[in-house]
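Colleague: Pasted the sequence and its predicted model underneath.
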Amino acid sequence: MKRQHITGFYVETLLLIVVFIAILLLLTQIFGLSKVRSGEAEHLTNAVCLAGNAAEAFAASDSPAELAAWLDENGNAALMTDTAGVTARYDAQMNPDPNGSITVELYWLQEPDGFVRAQIRVLAEGVSEPVYTLQTASYRQEVAG
Amino acid sequence: MNQVPIKLGPLALLLSVISICLTTLAILSFSTARADLRLAEKYAETVRVRYELEEQGQDFLRQMTEDGQAPGTETRADGTVWKTIEMDGSRLSIGLEPEGETYRIVSWRQERDWVQDTDIGNLWAGN
């Protein structure tokens, strides 16, 4: 009788622990998923800010060299070698960093009449697809004239 | 010798309370993170539209400077030329004043109508 009672106690305890561990595992997954979503939101917001900054610097620049000078802090911005454009690198906190994990690429697409299009891509290290892309343009009447 | 029986009731109750609290926190955490992501996506879309409008506005400025005309414009009595470009609920109003062979920008304004969100989801309306 006593032996049966002890066995029942162990079974009940085991069951309780198994159920509790299962709940903890499920909740850990939910917390992990929340962290991933939150990280995605942060990356996207940072990317949008960096792209917006680059677009404003583009609107204020007359040439890729001037744009690179605008964006350059601590040597994080450089002219592209193969095409007209500028790359600038930032760390995860959006601070200028020549070895940062976030790269902003701005392609300077000059048209003959003083119209310039800009294609901006924000890339994160280890991710093939751009985090965010932006397109804008600027018309310089004095250049056209 | 009397043995004190070990009961699982209080332990089960304690674990249940812990589980309920953690579940509530997990749900709150997930819904907040999802709302953050949705807000970030909305912000990204708004910025994209803003700069696309800017691009179209600059293109309009080029057309006016080169050809002296562009489709969809309105010329007012004072000689200024106006155009409104709309995209995804946002609009850019541009006003140009002729100045020799070129134009001077007298207005460059981006606007967006605010629409009140009256949807309360599944919240009980009280009737």
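Modeller: Received the coordinates, thanks. Numbers count the residues shown, from 1 in each chain, chains lettered A, B, ... in the order given.
Colleague: Can I take it that B:Ser93 is in a strand?
Modeller: Yes. Remark: B:Ser93 belongs to a strand, assigned using DSSP: H, G, I helix; E, B strand; the rest coil.
Colleague: What's the local residue count around it?
Modeller: Per other C-beta atoms under 10 Å in any protein chain shown, the neighbour tally for B:Ser93 reads 15. Heads up, the C-betas are built off the backbone N, CA and C, glycines and all.
Colleague: who are the neighbours in contact with it?
Modeller: B:Trp82, B:Lys83, B:Thr84, B:Ser107, B:Trp108, B:Arg109, B:Glu111 (C-beta atoms under 8 Å, 6 or more residues apart in numbering or on different chains).
Colleague: Show the contacting residues for the first one.
Modeller: This points to B:Trp82. B:Thr73, B:Glu74, B:Thr75, B:Arg76, B:Ser93, B:Ile94, B:Gly95, B:Leu96, B:Ser107 are the contacts of B:Trp82 under C-beta under 8 Å, 6+ apart.
Colleague: how much space between the fifth one and chain A?
Modeller: Read it as B:Ser93. Distance, B:Ser93 to chain A, by C-beta to the nearest C-beta, to the nearest Å: 17 Å.
Colleague: And that residue, how far from B:Tyr43?
Modeller: 23 Å (C-beta to C-beta, to the nearest Å).
Colleague: helices or strands up against the top helix by length along chain A?
Modeller: Ranked by residue count, the top helix of chain A under DSSP state H comes out as helix A:2-59. If you count contacts as 3 or more C-beta pairs under 8 Å, 6 or more residues apart in numbering or on different chains; DSSP states H and E, helix A:2-59 packs onto helix A:64-71, strand A:102-110, strand A:115-124, strand A:132-139, helix B:9-67.
Colleague: would B:Ser107 count as being in a strand?
Modeller: Yes. B:Ser107 forms part of a strand when assessed by three-state DSSP.
Colleague: about what we covered before: buried ones only from the contacts of B:Ser93, please, as a ChimeraX command.
Modeller: A single ChimeraX command is used to select the members of the contacts of B:Ser93 judged buried by 16 or more other C-beta atoms under 10 Å in any protein chain shown:
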select /B:83
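Colleague: Just give me the closest of the contacts of B:Ser93 to A:Gln4.
Modeller: Nearest to A:Gln4 among the contacts of B:Ser93: B:Glu111, at 79.1 Å, using C-beta to C-beta.
Colleague: Helix B:9-67 and the helix or strand containing that closest one, what's the angle between them?
Modeller: Assigning secondary structure by DSSP states H and E places B:Glu111 in strand B:102-112. Counting by axes from the mean of the first three to the mean of the last three C-alpha atoms, to 10 degrees, strand B:102-112 lies at 160 degrees to helix B:9-67.
Colleague: Work out which residue lies at the spatial centre of chain A.
Modeller: For chain A, A:His43 is the residue whose C-alpha lies nearest the centre (C-alpha atoms, centre = their mean; 3.9 Å).
Colleague: cool, chain B as well?
Modeller: Centre-nearest of chain B using C-alpha atoms, centre = their mean is B:Lys42, 4.0 Å out.
Colleague: Now do it, the pLDDT please.
Modeller: Looking at B:Lys42, its pLDDT is 94.
Colleague: Next, work out how far apart it and B:Gly79 are.
Modeller: 40 Å.
Colleague: The nearest residue to A:Thr45 once chain neighbours are set aside: neighbouring residues, count only.
Modeller: Leaving aside its sequence neighbours, A:Thr45 sits nearest to B:Ala40 (C-beta to C-beta, 6 or more residues apart in numbering or on different chains; 4.8 Å). When neighbours are defined as other C-beta under 10 Å, B:Ala40 has 22 of them.
Colleague: separation between B:Ala40 and A:Leu44?
Modeller: For B:Ala40 relative to A:Leu44 (C-beta to C-beta), the value is 4 Å.
Colleague: and what of B:Glu55?
Modeller: Counting by C-beta to C-beta - B:Glu55 and A:Leu44 are separated by 21 Å.
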